[in-house]
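>>> here's a sequence, model it:
(one chain, ligands or ions: 1)
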Amino acid sequence: MNGIGLFGGTFNPLHSGHLQVAEEVKAGFNLEKIYFIPSAVPPHKGTDDLAEAMDRYRMIDAEMSARRGFVVSDVEIHRRGPSYTIDTVRYFKDKLPAATPCFLIMGMDAFLEIDTWKSYQKLFDQVPMIVMTRPLEDAKQTVQSAALEKYIHAHVDARYKYITPSSCFDHPEKHPVHLFPVTPINISSTKIRNRIRRGLSIKEMVPVTVENYIHKKGLYL
Ligand code: ATP
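Numbering: from 1, shown residues only. Got it, this is the predicted structure:
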């Protein structure tokens, strides 16, 4: 059975980097669907420049309707208080048929802060993870996986072992952590917000639907 992916973030706003890497993960793991899950109140980011949750949701929704297998979820927006990933994962696990594999997708930057997330240890008991990495030559790949193994051993569990052929950290009881190289795309929402503030074009960095929405609503000025 094809799995589904959970891709959480601030999406302030959704950009072409998010879409490109999600397409690659979807194809690489043969996923049926990826849920984009905008956070209501992100526990780890400032809220200074944060667009309304419903605006961030609508920007994703407008784009998703044109893409097969991508959907937006409002689960974090409708939950009270900070958006904790553990609550979202539990919500989806309850909702989905038990046989449907469910992967949590995140960038390497996010993964390396996972020890600051609420009940993060429990995430490894709940779902396999897909950590998006930069493609590296073999020697650098070895250095990266060694550094990650050190992090996982220090913060999660020392029985995780890196399996080179499958680019995956395996554990006898917990879920695996897959490393998945994606095309490096030098776009971030921060960059986009800064360009808008300076009156610069954001074409090519966001889909047209998002660009139109931002301009129509006067976001990030
Ligand atoms: P900001 O600049 O506001 O921090 P962002 O685009 O970096 O925004 P989020 O919207 O929170 O961050 O991103 C959601 C997820 O997408 C994170 O796991 C992040 O690692 C990943 N991500 C964001 N931009 C890229 C990119 N260009 N390539 C690969 N992954 C990305």
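
>>> in this structure, which helix is the longest?
Assignment by DSSP state H gives helix 138-155 as the longest helix of the chain.

>>> so how far is that one off the chain centroid?
In terms of C-alpha atoms, centre = their mean, to the nearest Å, the centre of helix 138-155 is found 20 Å from the chain centre.

>>> give me the mean pLDDT for that helix.
For helix 138-155, the mean per-residue pLDDT is 93.

>>> quick check: buried residues in that helix?
141, 145, 148-149, 152 (16 or more other C-beta atoms under 10 Å). From N, CA and C alone the C-beta is placed, and that goes for glycine too.

>>> after it, which helix or strand is next?
In the C-terminal direction, the helix or strand that comes right after helix 138-155 (DSSP states H and E) is strand 161-163.

>>> re the thing from before, helices or strands next to the longest helix of the chain in the packing?
strand 161-163, strand 168-170, strand 177-181 (3 or more C-beta pairs under 8 Å, 6 or more residues apart in numbering; DSSP states H and E).

>>> mind listing residues that contact it?
111-112, 114-115, 120, 131, 133, 136, 160-162, 164, 167, 169, 177, 179 (C-beta atoms under 8 Å, 6 or more residues apart in numbering).

>>> again, 7 Å this time
Helix 138-155 is contacted by residues 112, 115, 133, 136, 160, 162, 169, 177, 179 when judged by C-beta atoms under 7 Å, 6 or more residues apart in numbering.

>>> hmm, which of these is lowest in pLDDT?
For the contacts of helix 138-155, the pLDDT minimum is residue 136, 87.

>>> report the contact partners of the closest residue to residue 32 other than its chain neighbours.
Of all residues not flanking residue 32 in the chain, residue 2 sits nearest, at 3.9 Å (C-beta to C-beta, 6 or more residues apart in numbering). Residues near residue 2 by C-beta under 7 Å, 6+ apart: 30-32.
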